Structure formats: C-alpha cells, structure tokens
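*Asks:* A structural model of the following input is requested.
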Amino acid sequence: MMKYKAGTKDQPLQLKTPPLSSSYTMYADVKGGKEVLVCTVGKTVLLYDYRCIDDLYAMLKKHGDWMELGSADEQKPAKGGTVEAWGRAAGNPVGGWYGLKKGLRGRFGMYIPPLMEALGLVEVTHEGRGNRMRAIL
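*Replies:* Sure, this is the predicted structure:
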C-alpha cells in the first residue's frame, strides 16, 4: 500500500531537478497491478518502481554520508558509487533497474532525489553540477 503522499494523477507533485534548472511532475499510481511513480518531463513519461523510495532511503541511512547523484541516461554507463549506479545495480533490492520503461530507465539520480526531498526523507544539494544527497536520520 502506498504510504507516501507522492501526488496523484489529478494533483501531481511539482518538482525541480537538483540543479533547479528544469521542472517536472511526479505522482504515484498503479499500472498492471504494480505500484509505480509516474514522472513526466515535458512530453516524456518515465516510470519507476514505487518501492525505490524505501529502498533508496534504507541504503542512504546505511551509507551514513553524502552520496553523489550521478544521473545518466539508460544508454550511458553510470559513474560508480553514485545513486544512479545503485539504481541500476544487480546488488540492489530489486536486482537491477528501478526504471520500468525500456529505453527510459535511467535518470534515477535526477528525478527520484527531489521527490524524496519533498517527502522530507533526504537532503539534496542544488549546485549546477555534482549534486549529492543524504538521508535525514
């Protein structure tokens, strides 16, 4: 059951990317019986597994310090040791990608951290480049 107020289709959360340079919306929904986060950037719609919120928060708490976001498109490799790399790693709780739309599974490190910041779970830096996040304990 969805426990975070991550917006609805009729009232999505209005978010900004970590550098505060672009706006996008996010809301929670169910698609094919699976809880998902629907992220709309312009006309592009990305889907992420809803459980990424709890999984990423737990990992960040265990990590205990700032972690670089390292956002990258699916077709590009993610920098090691970043949130993006973790969001697609075989060793994470889902055993791979939290992004659910083939071809558009990347950018986890760009769009999920601001949502978690809006939910009060993490702090995110807002520099032009090299942004980081950490869990609020």
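
*Asks:* C-alpha only now, for contacts and for neighbours.
*Replies:* Will do.

*Asks:* show me the shaky parts of the protein.
*Replies:* The chain contains residues with pLDDT under 70 at 1-2.

*Asks:* got phi/psi on the spatially most central residue of the chain?
*Replies:* Among the residues of the chain, Ile112 comes closest to the average C-alpha position under Cα atoms, centre = their mean, at 1.8 Å. Dihedral pair for Ile112: phi -80, psi -40, per degrees, to the nearest 10.

*Asks:* and the nearest residue to it once chain neighbours are set aside, what element?
*Replies:* Spatial nearest neighbour of Ile112, excluding adjacent residues (Cα to Cα, 6 or more residues apart in numbering): Ile53 at 7.8 Å. Ile53 belongs to helix 52-63 when assigned by DSSP states H and E.

*Asks:* tell me the helices and strands packed up against the helix or strand following that helix.
*Replies:* Downstream of helix 52-63, the first helix or strand assigned by DSSP H and E is strand 67-68. Applying 3 or more Cα pairs under 8 Å, 6 or more residues apart in numbering; DSSP states H and E, one finds that strand 67-68 contacts strand 132-135.

*Asks:* to the chain's geometric centre, what's the distance from the strand it packs on?
*Replies:* 12 Å (Cα atoms, centre = their mean, to the nearest Å).

*Asks:* that strand: partners in the sheet, and parallel or antiparallel?
*Replies:* Strand 132-135 sits in its sheet next to strand 67-68 (antiparallel), strand 122-124 (antiparallel), going by DSSP bridges.

*Asks:* show me which residues of that strand are buried.
*Replies:* For strand 132-135, the neighbour count (16 or more other Cα atoms under 10 Å) marks 132-135 as buried.

*Asks:* again, but for stretch 30-42
*Replies:* Neighbour count says stretch 30-42 has 35-40 buried, by 16+ other Cα under 10 Å.

*Asks:* and for stretch 112-128?
*Replies:* For stretch 112-128, by 16+ other Cα under 10 Å, it's 112-118, 121-126.

*Asks:* can you give me the end-to-end distance of it?
*Replies:* With Cα to Cα, to the nearest Å applied, stretch 112-128 spans 17 Å between its terminal residues.

*Asks:* distance from it to the middle of the chain?
*Replies:* 9 Å.
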